[in-house]
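J.: missing the sequence, but the structure's below:
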């Protein structure tokens, strides 16, 4: 008995001798093949092929009208390219070249008459099994191709969505940048006017003012500068998160062009708190290739923090070179220090050791986040050493050019 998956195979028998057809039909019916088509007229093969769509063709060679070789030639035009359709030649042609010509012409197997029915049966089953294995492979390939097409469409759709999202994000960044620039102008302009007018009034009429009035002007000055500093931090941080910051690299002398100027600018605020601000440069050559604006922001923030978080004592700014010859800047204070538990989080945005409106010190938790990001932009490394109630040291090291 044959496998149930094969018994429904369509078999076309072509032989000019009805006796041969009867023998083959009896054999196949015994093996429970049910879809059998037979003809003694080889001229009908083309029409029968379209009607029964065979899975196997059993073909004689020596026939009138059209011999088997001519039928094989016709079948070439009927069988789709890449399709495996087995053709078993059963013939009484004993010509030694007949087998070679038949196999070259498209036959899959060849048997000479008189044939052994057991051998015919086995060859038919083997050819049909091969046929169905090919069909399963083709089906799997079709399924795979469909899956590939579907996946390709999904990827194309995802790619289009990503492109659209990227374009929207870029447009959003442009709008944000424009908004930030507008806000920067709208906020800084009136603040600068407030600071400028307050300085003018204080310088012009300071000697005529009583102590309370002078205190009011100093309060206006300090509050205005605090707002400007906060606005700068927020806008700079927002710029880094949206359109990004494009550094302009140039050779800068850290000593005379940046740090010494910052030292002079912060002397007054340190003096007002009764702090000693010191500056030393142990190396004459402090030239580094950096972005001037962001480097200035780094050390302005570090010095501001040192003064802000120090109640008494001193702040020391120092430029030197480390053991490998790299330029290194230290900002050291005798302030409140940082606990070991909080130290790993100091560069995270909006993070302060004391939280809430009742905290002892001013600040928005953005300064050190900005410092860290600007160090990365300038290929510099920032390190922190701190002890609670003893002080902190921030160390920025620049790589060699």
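T.: Structure received. Quick caveat: nothing in here was measured; it's all calculated off a predicted structure.
J.: for the protein, what helix or strand is lowest in average pLDDT?
T.: For the chain, counting by mean pLDDT, DSSP states H and E, helix 211-241 ranks last in confidence among helices and strands (a mean of 72).
J.: just checking, next helix/strand downstream of it?
T.: Where DSSP states H and E defines the elements, the next helix or strand beyond helix 211-241 is strand 249-253.
J.: quick check: mean pLDDT of whatever helix or strand comes next after that next one?
T.: From strand 249-253 onward toward the C-terminus, using DSSP H and E, the following helix or strand is helix 260-272. Mean per-residue pLDDT for helix 260-272: 91.
J.: now the angle between strand 249-253 and helix 260-272, please.
T.: 60 degrees (axes from the mean of the first three to the mean of the last three Cα atoms, to 10 degrees).
J.: quick check: beta-bridge partners of residue 319?
T.: Here residue 319 sits in beta bridges with residue 281, residue 329, going by DSSP bridges.
J.: give me the neighbour count for it.
T.: Around residue 319 there are 20 other residues, counting by other Cβ atoms under 10 Å. For the C-beta atoms, the positions are set from N, CA and C on the backbone; glycine is no exception.
J.: need the contact list for residue 57.
T.: Residue 57 is in contact with 11-14, 75, 85-88, counting by Cβ atoms under 8 Å, 6 or more residues apart in numbering.
J.: nearest to residue 294 among these?
T.: Closest approach to residue 294 among the contacts of residue 57 (Cβ to Cβ): residue 85, at 74.7 Å.
J.: on that earlier part again, looking at the contacts of residue 57, which has the most residues close by?
T.: Highest neighbour count within the contacts of residue 57: residue 14, with 27 neighbours (other Cβ under 10 Å).
J.: next, it: phi, psi?
T.: With angles defined as degrees, to the nearest 10, residue 14 sits at phi -120, psi 110.
J.: likewise for residue 289?
T.: Residue 289 adopts backbone torsions of phi -100, psi 110, taken as degrees, to the nearest 10.
J.: check residue 313 too.
T.: Dihedral angles phi and psi of residue 313 (degrees, to the nearest 10) take the values phi 110, psi -130.
J.: what about it, how many residues close to it?
T.: Neighbour count of residue 313, defined by other Cβ under 10 Å: 14.
J.: what sits closest to it if chain neighbours are left out?
T.: Excluding the flanking residues, the one nearest residue 313 by Cβ to Cβ, 6 or more residues apart in numbering is residue 334, at 3.1 Å.
J.: helices along this structure, start to end?
T.: Secondary structure of the chain by DSSP state H: the helices cover 18-30, 45-52, 68-76, 96-104, 117-205, 211-241, 260-272, 292-308, 367-377.
J.: residue 323: which of those helices is closest?
T.: It's helix 367-377; of those, that one is closest to residue 323 (Cβ to Cβ) at 20.1 Å.
J.: next, the angle strand 249-253 makes with the closest one.
T.: 110 degrees.
J.: for helix 367-377, name the packing helices and strands.
T.: Packing partners of helix 367-377 (3 or more Cβ pairs under 8 Å, 6 or more residues apart in numbering; DSSP states H and E): helix 211-241, helix 292-308, strand 380-387.
J.: picking that back up, in strands only, show me the contacts of residue 57.
T.: 11-14, 87-88 (DSSP state E).
J.: pick out the residue nearest the middle of the chain.
T.: Geometric centre of the chain, nearest residue: residue 162, 10.5 Å, by Cα atoms, centre = their mean.
J.: quick one on the thing from earlier: distance to residue 62 added to the helices of the chain, as TSV?
T.: TSV is the format used below for the helices of the chain (distance: least, Cβ to Cβ, whole Å):
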stretch	distance to residue 62
helix 18-30	11
helix 45-52	15
helix 68-76	7
helix 96-104	9
helix 117-205	18
helix 211-241	88
helix 260-272	108
helix 292-308	95
helix 367-377	88
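J.: tell me which of the ones you listed sits nearest to residue 319.
T.: Closest approach to residue 319 among the helices of the chain (Cβ to Cβ): helix 260-272, 9.3 Å.
J.: between that closest one and helix 292-308, how many degrees?
T.: Going by the same axes, to 10 degrees, helix 260-272 makes 20 degrees with helix 292-308.
J.: ok, back up a step: which of the ones in strands among the contacts of residue 57 sits closest to residue 397?
T.: Residue 397 has its nearest neighbour among the ones in strands among the contacts of residue 57 in residue 87, at 82.0 Å by Cβ to Cβ.
J.: coming back round to it: could you give the number of residues near the residue nearest to residue 313?
T.: 19.
J.: ditto for the one 5 residues further on
T.: Residue 339 sits with 12 neighbouring residues when counted by other Cβ under 10 Å.
J.: hang on, it packs against residue 390?
T.: No: using Cβ atoms under 8 Å, residue 339 is not in contact with residue 390, being 11.3 Å away.
J.: please point out which parts of stretch 129-141 sit buried.
T.: For stretch 129-141, a neighbour-count test (16 or more other Cβ atoms under 10 Å) marks 129, 131-132 as buried.
J.: now do that stretch, average pLDDT.
T.: 86.
J.: off-centre distance for that stretch?
T.: With Cα atoms, centre = their mean, to the nearest Å as the basis, stretch 129-141 stands 39 Å off its chain's centre.
J.: what does it contact?
T.: By Cβ under 8 Å, 6+ apart, stretch 129-141 touches 3, 5-6, 9, 55-56, 82-86.
J.: and the residues you listed, which two are the farthest apart?
T.: Farthest-apart pair in the contacts of stretch 129-141 is 3 and 82; separation 25.0 Å (Cβ to Cβ).
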